[in-house]
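**Student:** Kindly return the folded structure for what I paste below:
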Amino acid sequence: MPLPAAFRALAHADYRRFFAAQIVAQIGSWMQSVAQSWLVLQLTPSPFKLGLIGTLQFGPILLLSIAAGALADRVPKRRLLVTTQSVQCGYSLALAALVASGHAQYWHVAVLACASGIVGALDGPARQSFIADLVGARDVGSAVALNSASFNAARIVGPALGGLIIARWGVVPAFLANGLGLLISIVALARMSTAGAPRGQRGDSVLAEIAEGLDYIRRSREILLALGLLTAVSFCVFNFSVYVPLIVRTVLHIGAEGFGFLMAALGVGAVAGALAVSVLGKPPRGLLVAAAGLACAGLFSLSFARHFWMAAPILTWTGFFGIILVAGANTTLQLAAPDELRGRVMSVYTLVWGGAFPIGAFMVGAIAERWGVGRALLIQGLGGMVAVGALFAWSRAGLSRRR
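**Tutor:** Here you go, the predicted structure:
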């Protein structure tokens, strides 16, 4: 019996292995994200220093993603992913050892976060472009939506488990769980038959290949709009690992369990958004614009939340529309990119999706340090809505010129 269109990617055996392994690894990653933020707040009360950790962890994406995309188009992607995940596993175990030994200091977390960011910059383009190798062009939309759903299902389970584990046993088991999840993912990758071998290699220099990919993006208004909306939402909205713990500690005054459940509320909305995209397939341009605007409006509304039961539904709303935009932009780029350029096109997606975060995290931390968390959220949400409005006007002007 054929699978429904939304789940068609699961008909591919290697994608099923990839999908199952990533759920386990992503749950561990979210547990580590919660634990790392909580550890930083134990080591220092400064919102600025918490935001700086996000900047250090995601900053390398700004510098390395484009070159990493060219690398993903040059080498077997599966081998590259095994290497990057092995290093990330070592990072988790190192954090666990530092905390367990009682020697963890803020600068340790900062250095390891930066090292993790460098490896993550290499991992992202390869992972995104490997999806098409696993399922083929026909089922890319299904695979992208399922990946978003698994990522955000992990966003529900990981933070909730992380908060409960931290409250009972501390942060070390959360770091160890992430290391175990990465080991499972490494074994699954090693068992796959799909290598993700490069296509259309012409022996050009890395700089020439980067220029070719950027030129292709520059000539596609569809890709430019998707990337512009993703930039606005990534910069303004997706700084959850910074502003949710700040809200918990400085506004709502609840503990680790409340932090975990607020992150889980965000994940519930995000999973629902990813499933909506899996049913819709490639979202139309108007839906991408609307989803981006509504996600920014959710963040704006969060600036007025003073109670857990007000913050939770707003985070669910924000997660729902934010992931509709993120998954929709991913599908748009995957389908618009030719096979031989997909690594480079998806490297720009990785740059925007992860690279905007360190700047936004730094701004949230700095504004919250100076004027408070509520004002930081208000400024970020309002700025995002203005940016989405400008992109919508640019898109409409382009359509008018074509007519």
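
**Student:** And the helix or strand bottoming out on mean pLDDT in the chain, what does it pack against?
**Tutor:** The weakest-scoring helix or strand in the chain, judged by mean pLDDT, DSSP states H and E, is helix 140-169 (a mean of 74). With contacts defined as 3 or more C-beta pairs under 8 Å, 6 or more residues apart in numbering; DSSP states H and E, helix 140-169 has these neighbours: helix 13-43, helix 106-135, helix 172-191, helix 256-280, helix 308-336. Backbone N, C-alpha and C define where each C-beta goes, glycine included.

**Student:** Dump the ones you listed into JSON lines; add mean neighbour count, distance to residue 217 and mean pLDDT as well.
**Tutor:** JSON lines is the format used below for those (neighbours: other C-beta atoms under 10 Å; distance: least, C-beta to C-beta, whole Å; pLDDT from 0 to 100):
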{"stretch": "helix 13-43", "mean neighbour count": "22", "distance to residue 217": "26", "mean pLDDT": "85"}
{"stretch": "helix 106-135", "mean neighbour count": "22", "distance to residue 217": "13", "mean pLDDT": "84"}
{"stretch": "helix 172-191", "mean neighbour count": "21", "distance to residue 217": "28", "mean pLDDT": "90"}
{"stretch": "helix 256-280", "mean neighbour count": "23", "distance to residue 217": "22", "mean pLDDT": "77"}
{"stretch": "helix 308-336", "mean neighbour count": "24", "distance to residue 217": "9", "mean pLDDT": "86"}
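
**Student:** Generate TSV for the ones you listed, with distance to residue 394 as supplementary columns.
**Tutor:** Compiled in TSV, these are given as follows (distance: least, C-beta to C-beta, whole Å):
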stretch	distance to residue 394
helix 13-43	34
helix 106-135	25
helix 172-191	40
helix 256-280	23
helix 308-336	16
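
**Student:** who wins for proximity to residue 66 among these?
**Tutor:** Using C-beta to C-beta as the criterion, the shortest distance between residue 66 and those is 8.7 Å, found for helix 106-135.

**Student:** still on that earlier bit, what are the buried residues along the least confident helix or strand of the chain?
**Tutor:** Of the residues in helix 140-169, 140-166 count as buried by neighbour count, 16 or more other C-beta atoms under 10 Å.

**Student:** and the angle for it with helix 172-191?
**Tutor:** Orientation check (axes from the mean of the first three to the mean of the last three C-alpha atoms, to 10 degrees): helix 140-169 against helix 172-191 gives 150 degrees.

**Student:** roughly how far is helix 140-169 from the heart of the chain?
**Tutor:** Relative to its parent chain, helix 140-169 has a centroid offset of 12 Å by C-alpha atoms, centre = their mean, to the nearest Å.

**Student:** Of the helices and strands packed on helix 140-169, which is nearest residue 365?
**Tutor:** Using C-beta to C-beta and comparing the helices and strands packed on helix 140-169, the one that lies nearest residue 365 is helix 13-43, at 10.8 Å.

**Student:** buried stuff in the following helix or strand past the closest one?
**Tutor:** Downstream of helix 13-43, the first helix or strand assigned by DSSP states H and E is helix 47-72. Buried positions in helix 47-72, judged by neighbour count with 16+ other C-beta under 10 Å: 47, 49-62, 64-72.

**Student:** avg pLDDT for stretch 352-362?
**Tutor:** In this model, stretch 352-362 has a mean pLDDT of 72.

**Student:** Run a quick neighbour tally on the residue nearest to residue 116 when sequence neighbours are not counted.
**Tutor:** For residue 116, ignoring the flanking residues on the chain, the nearest one in space by C-beta to C-beta, 6 or more residues apart in numbering is residue 91 at 4.8 Å. Other residues within reach of residue 91, judged by other C-beta atoms under 10 Å, total 20.

**Student:** how about residue 91, secondary structure?
**Tutor:** helix (DSSP: H, G, I helix; E, B strand; the rest coil).

**Student:** and residue 191, what is it in contact with?
**Tutor:** With contacts defined as C-beta atoms under 8 Å, 6 or more residues apart in numbering, residue 191 is in contact with residue 17.

**Student:** how about the residue lying closest to residue 319 once chain neighbours are set aside, what does it touch?
**Tutor:** Leaving out its chain neighbours, the residue that sits closest to residue 319 by C-beta to C-beta, 6+ apart is residue 269, at 3.3 Å. Residues in contact with residue 269 (C-beta under 8 Å, 6+ apart) are 315-323.

**Student:** quick one: residue 269 and residue 240, what's the gap?
**Tutor:** If you measure residue 269 against residue 240 using C-beta to C-beta, to the nearest Å, the figure is 12 Å.

**Student:** now swap in residue 125 and tell me
**Tutor:** Counting by C-beta to C-beta, the gap between residue 125 and residue 240 amounts to 23 Å.

**Student:** ok, now residue 104?
**Tutor:** With distances defined as C-beta to C-beta, the gap from residue 104 to residue 240 amounts to 23 Å.

**Student:** So for the two, which sits in the more crowded spot?
**Tutor:** The residue with more neighbours, out of residue 104 and residue 240 and counting by other C-beta under 10 Å, is residue 240; that gives 25 against 20.

**Student:** Residue 262 is in contact with the more buried one, correct?
**Tutor:** No: between residue 240 and residue 262 no contact is recorded; they are 9.1 Å apart, counting by C-beta atoms under 8 Å.
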